[in-house]
Every structure is written in structure tokens, then in C-alpha cells.
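Participant: below are the sequence and a predicted model; questions follow.
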Amino acid sequence: VVIGVMLLTTPRYKRIQRGLDGLLGRTRDNLEGGRVLRAFAQEDAEISAFTRENEALSAPQRRTGRIAALSNSMTGALVNLAIAAVLWSGALRVDCGALTQGQVVALVNYMSQILVELVKLANLVVSISKAMACGSRIESLLEMETGMPQAEKPLAPAPTEETVRFLTSEYQRLDDLTADGTYSREPQEGTYSGYIFGDYYLLHSYFYPHMEYSVKYSSDMEEILAQAKENVTFYQESGNVAGAAENAYILNHYSGRTIPAFYLYDGWEALLSYDFSDLLILLLLILAVAPTFTRERENGMTLILSSCKRGRWPLLFSKCGAGVMFAWILTILFALSNLLVFGLLCGFEGWSSPLYAIESYQYTPFSGSILLFYGLMSGMKAIGFSVTALLLIFLSACFQKSLYPCLIGLGLGAALNYCAGWALSSVWWKQALACISPFTLTSGSKLLESLSGESIGGVYLLQILVVLIVQAVIACLLVIAIRRKSCCK
């Protein structure tokens, strides 16, 4: 039954996958070219074509689904027939005294367990059939050659003056051709994408704006520095110490900035904003650290440990240190895995470029490389999760059951993560709550996208440094609170 279902469904799933690709491709083209369709009055034709393709795809998909559904029912029927045969033959042997009733019942139970596993196997076979069809489709996509072979040669090398001149001239030529909207909509030879507007969209979306930003960054920064110099003089004369300190910081840290090379930094920008792994780290911390003290109370080990020679301060420091080390290990592992995955998908080019080469970080106070910034942000995340681990240990010291610190840890994590979004707020109490939240450090890249800080005693401190100081104080207070709440007195 299993082999028959696989032989029948696998080629059908492949044909369905090819049909689905065509249908989704048509849907994507209609969404992206909606204005063109309306301009040429092709809405009804596209709707009719979509309906035909959808109906042509639905019929074989329903037939294949019926065949796949037979696997569970046929498997169950075969096993139930086998159980009926066991009962028939077992009844005769029980009547003859060769078997006992208990042995027959045990054999029927074994057959029922086999039925459950066979049903799971049948479901797995259906999933494998779909996966094989999808795998062959992915393999064919990976083997496809690029649709713009002519564009590879001039655009593939590292950025040079010749590349810049080529991109500029091509962009200006295509901009002139498409400016009045009278360009041809038909495929044309001598174009990179097959269409004139496709070439213009390619350069306008992926190359020219980024290259223009790289070229003009130095001159734009010189204008900012000139304005900051005037602001320093004005604020000093007017007695505004905070404003003078901020602009003096700009003069000291933003001068001499240039972007030496042009790359596409979309992959690095996505890596710096990726935060799903932070949720995984938090969940793992809650599961591992929350039962630090509650597990001992549940097992009755509290009095024994507190009476040991090293059951006081050494044990306390060991538990806190273990929680902090676990937070660092998790953060480093996830940071390295994220870097590897994004690097393999998007490439490692541009890792040595300054952080402000990424346009969203053009006003960042950090002047180091992108890779160095990523390492710094990983360290900030590790510190934030270390404080979170100490908070979970404190919750564990306050309760008798492991469930309570886990639930409260989840609630506090959600609340503190929400407060971390107020880091750039202009309201003082929102900024204070953001400084208290350890998750402000886990999203520290947002604090360094632009200049953000406070002037204290005429010295301008970045806000992330203020958050670090506050978190260090909170960590010390948590260790003291854990000492008082735990049994290690």
C-alpha cells in the first residue's frame, strides 16, 4: 500500500508543483504590473486566464489528494483484517487449549499498536512524496542560469572608477528613455533584463542610489561638521552646555569619514536587524535558569546544601556564574550561526567596510567595520541576557515551584521587551524604563543607528553607555537580592 501510494502520488505532485509555480508567477506578475494591465485594459483577460489555470490545477490536486487519503484507510483496513484473522484463529486455539484468552488479548493489543505506527508511516509517506516533488523543483531552480548574462560582466567586479562610470551612464540613459513613459513595452535585444524598464528598475533599485550615497557621503558629512562647528560656538555663547557637548562630540567623532568601496549591504543590514534568535535565547534561558532554586526545594535538597561547607556564598556564586555563562554561550552560538547563514545566503563581501557605509546607519557614532559592530552588538546582547538570567535566578529564589518563575519570566520578558522600544523616546520616564530593561541591550543596534545620548556634567555620553551602567548596577542589586532570598545565608 505504501509503495503503491508513493508511486502514484509522487509524479502527480511534481506536475502539481509545476502548475502551482505557473499560477503563482502569473499572480506575482499581475500584482507587480497592475498599472500596466489597467493601462492596456487587460484585467478581464488576466482574470479569465487565472481562472482557467486555477481550475486546471484544482482537478488533479483533488484527485491526488484522494489517492493519498487512501493510504490511511487502506492501512487501517488491512490491520483490522489482520486483527479479525487473529481473533478467528485465536478463538480456535483457545477452544483447543493451545492459547489462553490473555495471550490473544495481548496479541490484539500489539496489532492495535502496530496500526497506530503504520498510520503514522502512511502520513509520513504522503509528506515525503510532497517533499520529493518540492525538492526536485528546488534543484531545477538552483540549476537555472541567470536571466541577465550580459549584465554579469560589467557589474560583477569589485567597484572601480570604470564600474561607476558605466553605472552612471547607463542609469542616465535609461532614465531619459523612461522619463516620458513612451518607451516600448515589448521585449528588446541588447537589454539586460529583456525590457528597457526592467533595466531601469534594476539600476534604480539596487545600484545607483547606493552608489550615489557612497559617493556623496563625504561631502554630506562635511556639511554636517560645518554646521556642528557653528552650533558649538552658538551654544557656548548662549550657555547651552548640553547642546555644545553634543555638537563637540560630532566634531570629534564624525570627521574624516569616507566610504572607500561600494557594495550592496542588504545582507548585512538584514543580519543587524535580525532578532528572532533573541526570542529563542530567552525561551532557552527561562527553561534552563528558572528552576535554579525551585528544583532543590522540590527535591528537598535545600537544608542539605545550606549545611554544607561550600553551600553558602560559593554555591550562590556558582549558580549565578553558571547562569551568566549559559547566557554568553547561547548568544555566541546563535550569533555565529546567524553570521554563517546570512553569509552563505547573501555573501561576506563588504564586512570590512565602515558601518556608516550602510545607508540606515549613516549617522551612527560608531566608526568601526560592519563585522566589528556585529561582534560588539553580540557582546551587548550577551550582557543583556546575563542580566535576564540573574533576574530569572532571583525569581527562582522567591518561589517553591518551578512553574511560577517560568510564567512570571515570560510575562516580565514581554513587558521589558516592550519597554525597550522606548529607548529613543523623548519622554523621560519612558527612557528610564528603557534603561532598566535588559532587552534594550539586546536591541542595541537601534541605539547606534543615529546619535543618541545625554550630556552629564558637560560630557556627552552615548545612551548605550548609560544603559550599560544602569544594567551593571541592576546586576549587582540582583546578586544581593538573590543572596537575601536564597537559603545560602
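Facilitator: Perfect, thanks for sending it. Numbering: from 1, shown residues only.
Participant: please enumerate the helices of the stretch 251-400 of the chain.
Facilitator: For the stretch 251-400 of the chain, helices defined by DSSP state H, counting those that start in this stretch occupy the ranges 266-273, 276-289, 294-299, 302-306, 313-346, 370-398.
Participant: longest helix in this protein, please.
Facilitator: Identified as the longest helix of the chain according to DSSP state H is helix 43-96.
Participant: so what's the gap between it and the chain middle?
Facilitator: Centre-to-centre, helix 43-96 and its host chain are 38 Å apart (Cα atoms, centre = their mean, to the nearest Å).
Participant: likewise stretch 350-363?
Facilitator: 20 Å.
Participant: what does it contact?
Facilitator: 210, 213-214, 217, 257, 259-261, 263-265, 268-269, 272, 364, 366-371, 373, 448-451 (Cβ atoms under 8 Å, 6 or more residues apart in numbering). Backbone N, C-alpha and C define where each C-beta goes, glycine included.
Participant: kindly report the same for stretch 111-131.
Facilitator: Stretch 111-131 is contacted by residues 1-2, 5-6, 9-10, 13, 68, 71-72, 75-76, 79-80, 82-83, 86 when judged by Cβ under 8 Å, 6+ apart.
Participant: which other helices and strands contact the longest helix of the chain?
Facilitator: helix 2-32, helix 101-143 (3 or more Cβ pairs under 8 Å, 6 or more residues apart in numbering; DSSP states H and E).
Participant: quick one: those as a markdown table, columns for mean neighbour count, distance to A244 and mean pLDDT too.
Facilitator: Output for the helices and strands packed on helix 43-96, formatted as a markdown table (neighbours: other Cβ atoms under 10 Å; distance: least, Cβ to Cβ, whole Å; pLDDT from 0 to 100):
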| stretch | mean neighbour count | distance to A244 | mean pLDDT |
| --- | --- | --- | --- |
| helix 2-32 | 15 | 51 | 75 |
| helix 101-143 | 14 | 58 | 73 |
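Participant: out of those, which gets nearest to S48?
Facilitator: helix 2-32 (11.6 Å; Cβ to Cβ).
Participant: I'd guessed P405 sits against S396; true?
Facilitator: Yes: counting by Cβ atoms under 8 Å, S396 is a contact partner of P405 at 4.7 Å.
Participant: pull up the overlap in contacts between the two.
Facilitator: Residues touching both P405 and S396 by Cβ under 8 Å, 6+ apart: 290-291, 294.
Participant: filter those to the buried ones?
Facilitator: Buried by 16 or more other Cβ atoms under 10 Å: 290-291, 294, out of the shared contacts of P405 and S396.
Participant: save those as JSON lines, and put in pLDDT and distance to A420 too.
Facilitator: Formatted as JSON lines, the buried ones among the shared contacts of P405 and S396 follow (pLDDT from 0 to 100; distance: Cβ to Cβ, whole Å):
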{"residue": "A290", "pLDDT": "87", "distance to A420": "21"}
{"residue": "P291", "pLDDT": "85", "distance to A420": "26"}
{"residue": "T294", "pLDDT": "79", "distance to A420": "27"}
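Participant: tell me which of these is nearest to I332?
Facilitator: For these, the closest approach to I332 (Cβ to Cβ) belongs to A290, at 21.5 Å.
Participant: what sits against the closest one?
Facilitator: Residues near A290 by Cβ under 8 Å, 6+ apart: 392, 395-396, 402, 405-406, 409.
Participant: could you rerun that using 6 Å?
Facilitator: A290 sits next to 392, 396, 405-406, 409 when contact means Cβ atoms under 6 Å, 6 or more residues apart in numbering.
Participant: is it possible to get TSV of the residues you listed that adds distance to A335?
Facilitator: Below are these laid out as TSV (distance: Cβ to Cβ, whole Å):
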residue	distance to A335
L392	21
S396	26
P405	26
C406	25
G409	22
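Participant: neighbour count, distance to L416 and pLDDT added to those, as TSV?
Facilitator: Listed next are these as TSV, based on neighbours: other Cβ atoms under 10 Å; distance: Cβ to Cβ, whole Å; pLDDT from 0 to 100:
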residue	neighbour count	distance to L416	pLDDT
L392	28	12	93
S396	27	17	88
P405	26	15	89
C406	21	16	89
G409	22	10	90
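Participant: for C476, state which of the residues you listed is nearest.
Facilitator: Nearest to C476, judged by Cβ to Cβ, of the contacts of A290 is L392 at 16.6 Å.
Participant: pLDDT value on the closest residue to the closest one other than its chain neighbours, please?
Facilitator: Spatial nearest neighbour of L392, chain neighbours left out: V289 (4.4 Å); criterion: Cβ to Cβ, 6 or more residues apart in numbering. On pLDDT, V289 comes in at 90.
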